[in-house]
Every structure is written in C-alpha cells, then in structure tokens.
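[1] coords please:
(one chain, ligands or ions: 2)
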Amino acid sequence: MHSRIAPKELLSTLCVSIRGFRRGDCVRCWLFFNRDIAPDVPEAPEVLRFAETAKALDIELLVLKPGEFDLVVDSKDGWSAIYQGRELRKPDLIIPRCGAETNYFTLAVLRHFEHQGVAIANGPAAVESVADKLHTLQVLAGAGLPVPKTILGKFPVDVGLVERVLGFPVVVKKLKGTRGAGVMLCQDRAQFDDLANLLDGASGADFLFQQYVRASHGRDVRVLVIDGKAVAAMERRSSDGGFKSNISLGGHGTLYDPPQEMAELAVRVARELKLDIAGVDILFDQNGYRVCEANSAPGFQGLERACAVDVPQIIFRAMAKRFGIPLRHSDRWERSIENAARAAFGAGAGVQTETAKPLLRPAPIRRKSKPA
Ligand SMILES: Nc1ncnc2c1ncn2[C@@H]1O[C@H](COP(=O)(O)OP(=O)(O)O)[C@@H](O)[C@H]1O
Ligand SMILES: [Mg+2]
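    Ligands and ions are numbered 1, 2, ... in the order given. Reported below is the predicted structural model:
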C-alpha cells in the first residue's frame with residue numbers, strides 16, 4: 001500500500017537520499033587555533049575564511065583552543081570532550097591550524113580525538129613531524145627525496161665541520177619557526193663564528209645549520225597539496241633582494257604552473273609526511289629541486305590572491321570525500337551562485353547549477369599523481 005506523500009515532502013526526501021544528507025542535522029567541524037581571532041594575529045584571516053566557507057557549505061564550524069579542553073582518558077567506552085567545562089558533541093572532522101605552535105598539550109588533545117574515531121586533517125603524527133624542521137628533513141631524506149644538507153646545532157659549534165660539510169654562506173634557522181622569522185644567512189666564517197658564540201649563550205631554542213641553495217636566492221615555490229593532489233602553486237619572490245621569499249616578509253606571489261616533476265615531488269612530500277593538507281616549499285637547485293619545508297597549517301592569503309582559488313572550499317570538499325562526510329551547499333549559497341551566474345551569463349543561466357560551476361573557481365592544477 002502506498003502512503004500518501006505531499007510533492008514537497010517527496011522532493012525533500014529525494015534530496016536527502018540523493019545527497020546522503022542527515023536531515024535535521026548538519027556536518028560538524030572543529031578548527032583548532034591557539035590564539036584569539038584578533039586583527040594583530042597574522043593567521044586569523046585564514047580562520048575567518050574557513051568560517052565563511054563553512055557557512056556557505058552548511059558546516060557547523062567551532063573554532064576551539066586546544067588548551068581549553070580537559071582531557072579525561074578512561075577505559076570506559078563513550079564519547080568524552082570537555083571544553084571550557086562543557087561537554088561537546090562529537091564532530092565529523094577536526095582541522096588543526098596550530099602549525100609550528102603545536103605543543104604537547106595540543107598533540108595530546110588531537111590523539112584523544114583520533115582514538116575516539118574522529119577524522120582529523122592533518123593527524124597528530126603528521127602535525128608533529130612537520131612542526132620540527134629536522135624531523136621533516138629526516139623523513140624526506142630517508143625516503144630518498146632531495147633536501148638541503150642540514151646539521152642540528154650543537155654547542156659549542158664545530159665551525160670546521162660546518163665549513164667542511166655546508167660551506168659558506170650558510171643558512172641558520174630555528175628548529176621550529178614560521179613566517180620567515182628566525183631564518184638568516186651567514187655570509188662567511190667570521191660572521192658564523194660570531195653568531196655561533198651568540199647562540200651558545202642563548203638558552204632554550206634549537207637551531208639548524210643548512211646548506212644555502214644559492215640558485216633559489218629570494219625565490220621558491222609554494223605548492224598546496226590536498227589529499228594527495230597538487231591543487232595550486234605560486235612562485236614567491238622576495239621584494240627586497242633578501243634570500244627569504246615569504247609572503248609575510250613582503251615577498252610577491254604569482255600563479256605558477258609547476259613542471260610535472262615538481263608537482264610530483266610535492267605530492268611525494270605530502271605522502272611521506274602523511275599530510276592530508278600540506279604547503280610544500282620547494283627550492284630551485286642547479287639541477288633540480290630541494291624541499292625546504294612542509295607546513296601542516298599553511299597560510300593561504302597570498303596563494304588565494306595569486307591563484308584565484310578558494311582554499312577552505314577545496315579543503316572541505318576534499319576532506320568530505322576522503323572521510324565520507326556528506327556536504328551540501330546552503331540555500332543562501334545556491335541563491336548567490338544563481339545570481340552571480342545570471343549576472344555573468346544573462347537571464348536563465350542561474351536555473352542550471354551546471355552553468356554556475358565555472359564561478360566556483362577551480363584550482364589551476366589538476367594533475368594526477370603517479371604512485372612512486
Ligand atoms: N637552505 C636554503 N637555501 C636558500 N634559501 C632558503 C633556504 N632555507 C630557507 N630559504 C628561504 O627562506 C625562506 C624561509 O625559510 P623556511 O625554512 O621556509 O622558514 P619558515 O618556516 O619561517 O617559512 C624560504 O621560503 C626560502 O625562501
Ligand atoms: Mg617556509
């Protein structure tokens with residue numbers, strides 16, 4: 001016997017089953033960020049971009065400080081998430097955006113949720129290995145990928161060893177640094193001697209001494225790799241003649257179409273480091289490339305400008321596919337796409353979603369990576 005369903009209900013039932021969407025519920029995502037969202041926090045605009053895109057995709061996004069969880073590890077089954085004294089519901093996805101500032105507590109919080117079966121992009125092991133630049137290079141060198149020769153600083157410094165192995169000029173960088181701060185070039189032995197003495201007196205931080213990749217002076221490529229695909233790349237050039245090309249230091253980013261070899265290298269880097277989301281920095285060497293570093297929470301304001309891509313959208317969509325999380329556009333988003341399509345293609349264009357697709361700003365690189 002057929003039950004009577006009103007056409008409107010039928011339509012919504014169909015939409016629910018076609019999209020696999022849980023009615024009355026929405027996708028829940030947590031974004032971990034250690035700082036306040038304030039104008040003087042350089043990574044805050046990225047968090048706001050995630051929030052904006054989440055809204056458009058009907059994702060309930062909570063921006064949480066990992067340090068404000070209370071971790072209770074118990075052998076009893078069941079969900080446990082206590083945040084600022086309140087119990088939170090289980091999310092579908094966690095995106096950590098703490099980057100180089102990831103501390104032990106944050107890793108412990110990530111592991112807590114990983115063990116409770118939450119999808120995390122990137123997972124704690126991957127985040128931990130790239131927060132330490134030497135660990136990154138150890139993994140990559142172990143996989144046979146090209147990296148600059150690097151020495152872990154030990155004090156007093158064996159200047160002779162540094163000269164023999166790396167030569168001068170030499171790059172000196174903090175083990176855990178970001179945005180180009182704590183990276184410098186020492187021109188000669190005398191300058192390095194002075195710096196080594198200075199660092200010897202300073203306590204706490206760890207340093208790396210690294211081969212200066214001369215051919216890449218003031219120029220490198222940032223490749224964004226998401227779920228094993230190179231989705232966008234930009235060439236960065238310093239604007240002051242210095243050797244660092246970071247956008248945060250005034251570097252200039254332009255859209256870059258990487259050669260196959262470079263795109264494959266970036267994909268390999270992400271895979272070796274088990275990063276679902278990776279900003280891979282690649283230096284130009286005389287006969288190829290060297291991997292400078294990989295970022296688990298890459299800044300993307302410069303990349304979005306240079307490549308005209310919507311990074312949070314690519315991330316949400318790729319992670320939804322990867323972890324089987326159903327996503328849909330909100331009605332508001334559908335309407336704004338329709339209006340934009342009408343404005344661009346004339347009346348009637350907005351009625352077909354397919355017509356509106358070009359406005360979703362696809363990423364420029366669509367290469368398939370070959371298995372290594
Ligand atoms: N070994 C190197 N040789 C040449 N340039 C380098 C080298 N290491 C770093 N650089 C330059 O300095 C920039 C910052 O270094 P990086 O290690 O990526 O630090 P951060 O994590 O602060 O961005 C790089 O983007 C690159 O332009
Ligand atoms: Mg960098």
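[2] How about residue 224: which residues does it bridge to?
    residue 232, residue 279 (DSSP bridges).
[3] the strands in the stretch 151-300 of the chain, which residues?
    170-174, 183-186, 207-211, 219-226, 229-237, 252-255, 277-285, 288-295 (DSSP state E, counting those that start in this stretch).
[4] Show residues contacting stretch 260-274.
    If you take Cβ atoms under 8 Å, 6 or more residues apart in numbering as the criterion, stretch 260-274 is touched by 122-123, 125-126, 129-130, 136, 139-140, 143, 145-146, 221, 223, 225, 228-230, 233, 258, 275-276, 278, 280, 282, 288-289, 291, 294, 365, 367, 369-370, 372. Every residue, glycine included, has its C-beta placed from N, CA and C.
[5] Could you save the strands of the stretch 151-300 of the chain as a markdown table and add columns showing mean neighbour count?
    Converted to a markdown table, these look like this (neighbours: other Cβ atoms under 10 Å):
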| stretch | mean neighbour count |
| --- | --- |
| strand 170-174 | 21 |
| strand 183-186 | 19 |
| strand 207-211 | 22 |
| strand 219-226 | 25 |
| strand 229-237 | 23 |
| strand 252-255 | 16 |
| strand 277-285 | 23 |
| strand 288-295 | 22 |
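[6] Quick check: buried residues in stretch 129-147?
    129-134, 136-137, 139-140, 145-147 (16 or more other Cβ atoms under 10 Å).
[7] For the nearest residue to residue 321 once chain neighbours are set aside, give its distance to ligand 1.
    Spatial nearest neighbour of residue 321, excluding adjacent residues (Cβ to Cβ, 6 or more residues apart in numbering): residue 227 at 7.4 Å. Note on residue 227: its distance to ligand 1, by Cβ to the nearest ligand atom, to the nearest Å, is 23 Å.
[8] neighbours around residue 227, how many?
    19 (other Cβ atoms under 10 Å).
[9] Tell me if I'm right that it and residue 320 touch.
    No. When contacts are counted by Cβ atoms under 8 Å, residue 227 is not listed as touching residue 320 (10.3 Å).
[10] Leaving out the residues flanking it, which one is nearest to residue 124?
    residue 110 (3.8 Å).
[11] Double-check the one you found against residue 96; I have them as touching.
    Yes. Between residue 110 and residue 96 there is a contact under Cβ under 8 Å: 6.1 Å.
[12] Show me whatever sits in contact with both of the two.
    With Cβ under 8 Å, 6+ apart, residue 110 and residue 96 have common neighbours 32, 66, 120, 124, 127.
[13] Specify the beta-bridge partners of the third one.
    Put plainly, it is residue 120. When assigned by DSSP bridges, residue 120 has beta-bridge partners residue 94.
[14] residues touching it, list them.
    93, 94, 95, 96, 110, 113, 114.
[15] Which of those residues sits closest to residue 205?
    residue 96 (22.9 Å; Cβ to Cβ).
[16] In contact with the closest residue to that closest one other than its chain neighbours, which residues?
    In space, and not counting its chain neighbours, residue 96 is closest to residue 32: 4.3 Å by Cβ to Cβ, 6+ apart. For residue 32, the contacting residues are 64, 65, 66, 94, 95, 96, 97, 98, 106, 109, 110, by Cβ under 8 Å, 6+ apart.
[17] How about the secondary structure of whichever residue of the stretch 1-150 of the chain sits closest to ligand 1?
    Proximity of the stretch 1-150 of the chain to ligand 1 (Cβ to the nearest ligand atom) peaks at residue 148, 4.1 Å away. Secondary structure state of residue 148, per DSSP: H, G, I helix; E, B strand; the rest coil, is coil.
[18] Neighbours of it, how many?
    Residue 148, neighbours per other Cβ under 10 Å, totals 19.
[19] surely it meets residue 293?
    No. Using Cβ under 8 Å, residue 148 is not in contact with residue 293; the gap is 10.0 Å.
[20] Tell me how far residue 202 lies from residue 159.
    From residue 202 across to residue 159, the span is 17 Å (Cβ to Cβ, to the nearest Å).
[21] just the strands in the stretch 1-150 of the chain please.
    Using DSSP E, counting those that start in this stretch, strands in the stretch 1-150 of the chain cover 27-32, 59-64, 69-70, 82-83, 86-87, 93-96, 119-120, 150-152.
[22] quick one: contacts for the closest residue to residue 322 other than its chain neighbours?
    When the adjacent residues along the chain are set aside, residue 322 lies closest to residue 227, with 5.2 Å between them (Cβ to Cβ, 6+ apart). By Cβ under 8 Å, 6+ apart, residue 227 lies in contact with 276, 277, 318, 319, 321, 322.
[23] in terms of contact, does residue 208 touch residue 170 like I think?
    No. Counting by Cβ under 8 Å, residue 208 does not reach residue 170; the two are 10.2 Å apart.
[24] In the buried residues of stretch 129-147, find the pair that's most separated.
    Checking those with Cβ to Cβ, the most distant pair is 131 and 146, at 21.7 Å.
[25] what's the span of stretch 137-156, first residue to last?
    23 Å (Cα to Cα, to the nearest Å).
[26] What are the contacting residues of that stretch?
    Contacts for stretch 137-156 (Cβ under 8 Å, 6+ apart): 129, 134, 161-162, 165-166, 171-172, 175, 196, 199-200, 206-213, 265, 268-269, 272-273, 283, 285, 288-292.
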